[in-house]
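K.L.:
Got a sequence here, can you build the structure:
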Amino acid sequence: MSTIIPKVLVTDLSKGTTVLREMNTEELAQQDKDKLADDAKKIADNAAQAVKDAARQAVLDKLGLTQDEAQALLG
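P.N.:
Numbering: from 1, shown residues only. Predicted coordinates for the structure are as follows:
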């Protein structure tokens, strides 16, 4: 089974050259780190939205309103 190593495009403007090469270990590690950070942010954003939605629903429940009724009242 072969492993696919992502490639990176490197351009040297002073020489006018462009090279497509495999990522080195540091670049691969940074890519993994960036993906983990992105995944963590998505999870945190989803959790924050769930808390916001639950708080909104709690207020609507206390007022005895449905989502549609609240939308009609608030525009």
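K.L.:
Quick one: list the elements packing against the worst-scoring helix or strand of the chain on mean pLDDT.
P.N.:
For the chain, using mean pLDDT, DSSP states H and E, the weakest element among its helices and strands is helix 67-74, scoring a mean of 92. With contacts defined as 3 or more C-beta pairs under 8 Å, 6 or more residues apart in numbering; DSSP states H and E, the secondary structure elements packing on helix 67-74 are helix 25-63. For the C-beta atoms, the positions are set from N, CA and C on the backbone; glycine is no exception.
K.L.:
Also compute the angle for the helix it packs on relative to helix 67-74, please.
P.N.:
80 degrees (axes from the mean of the first three to the mean of the last three C-alpha atoms, to 10 degrees).
K.L.:
quick one, what contacts Glu22?
P.N.:
Contact analysis of Glu22 by C-beta atoms under 8 Å, 6 or more residues apart in numbering lists Ile5, Pro6, Lys7, Val8.
K.L.:
Model confidence score at the third one, please.
P.N.:
Yep, that's Lys7 we're talking about. Residue-level confidence at Lys7 comes out at 96, pLDDT.
K.L.:
related to what we said a few turns ago, I'd like to know which of the contacts of Glu22 is nearest to Ser14.
P.N.:
Nearest to Ser14 among the contacts of Glu22 is Val8, at 18.3 Å by C-beta to C-beta.
K.L.:
For that closest one, grab phi and psi.
P.N.:
Its backbone dihedrals place Val8 at phi -130, psi 140, with angles given as degrees, to the nearest 10.
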